[in-house]
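Undergrad: All I have is the shape, not the residue letters:
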Ligand SMILES: [Mg+2]
C-alpha cells in the first residue's frame, strides 16, 4: 500500500549510484523520488510529500548545502541526511549546523543507510506529532529491538494515526 510507504527524496549527480540506491530502498518499502540535481530536488519536493531527503553534497548547480537549506526553509518537517564523498567530511559537519539531521560517507552500506533513514524519520514523526523521545520509545517498545524495517513501519503507523 502506497500509504504505508515512507516518502524519500534522493538527489545525487552520480546516476549509477542514484539508480542502485533507489532500487535497494524501493525494495525495502520506501517510495523513492530520485533526481540528479538540487534544482530538481526542490521542484520535486514542492510537488510531492517528502518525509526524508537524502542529499549528495557535491553536485553541479546548486550544491548539497544550498539544497539542504532550501528544503529545510520550505518544508518544516522534512529531515535531511547528507551524503558525502571522500575528503568532504568537514563540509558535511557544517551541514548539520545548517539543519541536516546527519550525514553518511559514500560508499555507504545499506544497513547504515537504513539506520540513518530510520533515525531521521523518527525525528520527523516526533517533531510533527510533538512526541518526546521518551514517549516515542515507549510507543516503539514492541519494535525497538526489531529491524530498522520493522521500526520504520511502526513509525509510519504512528505518523499516519490521528
Ligand atoms: Mg556528487
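TA: Alright, I've got the coordinates. These figures come from a predicted structure and were not determined experimentally.

Undergrad: Around the ion, pick out the residues from this structure.
TA: Within the chain, the positions near the ion by C-beta under 5 Å from the ion are 13, 56, 58, 59. For every residue, glycine as well, the C-beta is placed using N, CA and C.

Undergrad: switch to 6 Å and redo it
TA: Selection of the chain residues close to the ion by C-beta under 6 Å from the ion yields 12, 13, 14, 56, 58, 59.

Undergrad: Count residues in the vicinity of the residue nearest to the third one when sequence neighbours are not counted, would you?
TA: So the one you mean is residue 14. Spatial nearest neighbour of residue 14, chain neighbours left out: residue 56 (7.3 Å); criterion: C-beta to C-beta, 6 or more residues apart in numbering. Residue 56 has 24 neighbours, counted by other C-beta atoms under 10 Å.

Undergrad: which residues does residue 56 form a beta bridge with?
TA: Beta-bridge pairing for residue 56 (DSSP bridges): residue 83.

Undergrad: what residues are up against it?
TA: Contact analysis of residue 56 by C-beta atoms under 8 Å, 6 or more residues apart in numbering lists 11, 12, 13, 14, 64, 82, 83, 84, 106.

Undergrad: Looking at the residues you listed, which one is closest to the ion?
TA: residue 13 (4.4 Å; C-beta to the ion).

Undergrad: pLDDT on the longest helix belonging to the chain, on average?
TA: Determined from DSSP state H, the single longest helix within the chain is helix 110-128. Mean per-residue pLDDT for helix 110-128: 95.

Undergrad: show me where pLDDT drops low in the protein?
TA: 1-3, 142-144 (pLDDT under 70).

Undergrad: Would you map the strands across this structure?
TA: Assigned by DSSP state E, the chain shows strands spanning 6-11, 30-35, 52-56, 79-84, 102-105.

Undergrad: From the contact counts, what lies against the fourth one?
TA: Applying 3 or more C-beta pairs under 8 Å, 6 or more residues apart in numbering; DSSP states H and E, one finds that strand 79-84 contacts strand 52-56, helix 64-74, helix 89-97, strand 102-105, helix 110-128.

Undergrad: Could you dump the ones you listed into TSV with distance to residue 45 added?
TA: Compiled in TSV, the helices and strands packed on strand 79-84 are given as follows (distance: least, C-beta to C-beta, whole Å):
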stretch	distance to residue 45
strand 52-56	7
helix 64-74	6
helix 89-97	17
strand 102-105	19
helix 110-128	14
